[in-house]
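Asks: Turn this into a model:
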Amino acid sequence: MSKVTISDFIVAVFDLLEAEGKALKDNSELFFKNQQQNLKQTIKNSAWAIGFITVSFISLIAAIAFFMFGLYKVLSVYICDMEVPFILSVVLVCLSLIFGYIASKR
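Replies: Coordinates of the predicted model:
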């Protein structure tokens, strides 16, 4: 049986610590590289979603504007031209209040 000296034991422990440190460094670099790629993908997907939501919102505003213009034209046939914008503004305020109330309940 061979004798292991304290210095051999200490060298072996430090070699083991060095190997574990390198393994930890490699694993952490791989982990952070994967997390960075995931973050980039998430940002890209979020940017596309925000873009689509923005276009959808603009389209909705345009649709409401055309609807209100059409309603204005229809009502102006039956009601005086001076009263129609006030009636439409009351309708829009009521819709806004209803949607605001629904949003506050959620």
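Asks: And what about the residue nearest the centre of the chain, helix, strand or coil?
Replies: What sits nearest the mean C-alpha location of the chain, by CA atoms, centre = their mean, is S46, with 4.8 Å. Following DSSP: H, G, I helix; E, B strand; the rest coil, the label given to S46 is helix.
Asks: Now do the helices in the chain.
Replies: Secondary structure of the chain, counting by DSSP state H: helices at 6-78, 84-105.
Asks: The residue nearest to the centre of the chain and N34: what is the separation?
Replies: Applying CB to CB, to the nearest Å, the value for S46 to N34 is 19 Å. C-beta: built from backbone N, CA, C; applies to glycine.
Asks: now do Q41
Replies: Distance from Q41 to N34, by CB to CB: 11 Å.
Asks: before we move on, the earlier item: please read off the pLDDT at the residue nearest to the centre of the chain from the model.
Replies: Confidence at S46, expressed as pLDDT, is 93.
Asks: contacting residues around it?
Replies: Shown in contact with S46 (CB atoms under 8 Å, 6 or more residues apart in numbering): no residues.
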